[in-house]
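Peer 1: Here is the input, now give the coordinates:
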Amino acid sequence: MIKRPTHFFDERGGRHCIILFFMCVFSFPCTYLSYGQYSFSTGAPSNGLAGAVCAIPDEIESLQSVASSAFAEHASISSHYKNHYLLPEIHTISAVGLFPVHKWVVGIAAQKMGPAHYQELTTGLSIAHSIAHTALGLRINWQELYIEGFKTQHALIFEFGGIVNLSPRLHFGASVYNFTLSKLDHKLLPVVLRCGLNGKTNTPLVLSVELEKNNYNPLSIKCAAQYEFSHRFKVSIGYAYPASKLHAGFIVSQQRIKVSYSLSWHMRLGLSQDFSIFYTLKKKTT
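Peer 2: Below is the predicted model:
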């Protein structure tokens, strides 16, 4: 009996990476057309890693990396809270649900940011699938911008991402946000390209690096490390340049529940906090 390949460089795995290659090549020209922020907050696990998560094959990163939802084995729900720079008026609340259906994973997400007089509301519907050594995900976001005294604005935004298993210990990931050049009030929303690597060492240490490009911001480089003290407890640190942001966090797991908390420190703006809780509807088998 022939053993199936376990990584990208075996058999036909390279063909699936072509999708990611063209996604990177044809997305770079779009990045100069964008501005501003992009929709979903990172969630505490991603924030603890400075957001360098586009290549991590773990469904808990699905809020930031849609392709990561392809690795969900059972249905799960999660909620996330972010306080920006210790200002009570500026906070973000998010919720995510992942539901495996046959060989696909369907996801729903919702987020609200800002106080009553200024709010950004985002809902998303995603679908993800794992093909051989490649996981692909697509999310459609409906975004609303409400400013008191002004007409509410709407936009339909698409994002696409993928993760390739290059070897048993190394993953490559890439994603494109708003490749359809959606607008709010006749102004283009950000088109953001991200690509990165995630690698496991011979120890419980996992390293991640990611590049992110947005036209109104310089090229961002994010580096992170996560150490697994046990299957129930992980700690992470990260750094983003040139924003000069330091990140740290932890994840505690107990049966079906995972709780994560993280901090990020911006050298000019100060401290932000993230809190996330995940619940798996069915306990995973080992």
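Peer 1: Could I get the full set of helices for the stretch 101-250 of the chain?
Peer 2: Assigned helices in the stretch 101-250 of the chain: none (criterion: DSSP state H, counting those that start in this stretch).
Peer 1: Okay, strands next: where are they in it?
Peer 2: 104-113, 118-131, 134-147, 153-167, 170-177, 183-184, 187-188, 192-200, 205-214, 217-230, 233-241, 245-254 (DSSP state E, counting those that start in this stretch).
Peer 1: how about those strands in a markdown table, adding distance to residue 52, mean pLDDT and mean neighbour count?
Peer 2: (C-beta placed from N, C-alpha, C; glycine too.) Shown next, in a markdown table, are the strands of the stretch 101-250 of the chain (distance: least, C-beta to C-beta, whole Å; pLDDT from 0 to 100; neighbours: other C-beta atoms under 10 Å):
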| stretch | distance to residue 52 | mean pLDDT | mean neighbour count |
| --- | --- | --- | --- |
| strand 104-113 | 20 | 95 | 19 |
| strand 118-131 | 20 | 94 | 18 |
| strand 134-147 | 17 | 94 | 19 |
| strand 153-167 | 13 | 95 | 21 |
| strand 170-177 | 10 | 96 | 24 |
| strand 183-184 | 28 | 86 | 14 |
| strand 187-188 | 26 | 87 | 14 |
| strand 192-200 | 6 | 96 | 22 |
| strand 205-214 | 4 | 96 | 19 |
| strand 217-230 | 4 | 94 | 17 |
| strand 233-241 | 6 | 96 | 19 |
| strand 245-254 | 9 | 96 | 19 |
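Peer 1: Take the ones you listed and write them to JSON lines, including distance to residue 63.
Peer 2: Converted to JSON lines, these look like this (distance: least, C-beta to C-beta, whole Å):
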{"stretch": "strand 104-113", "distance to residue 63": "7"}
{"stretch": "strand 118-131", "distance to residue 63": "9"}
{"stretch": "strand 134-147", "distance to residue 63": "10"}
{"stretch": "strand 153-167", "distance to residue 63": "12"}
{"stretch": "strand 170-177", "distance to residue 63": "12"}
{"stretch": "strand 183-184", "distance to residue 63": "21"}
{"stretch": "strand 187-188", "distance to residue 63": "23"}
{"stretch": "strand 192-200", "distance to residue 63": "14"}
{"stretch": "strand 205-214", "distance to residue 63": "15"}
{"stretch": "strand 217-230", "distance to residue 63": "16"}
{"stretch": "strand 233-241", "distance to residue 63": "16"}
{"stretch": "strand 245-254", "distance to residue 63": "14"}
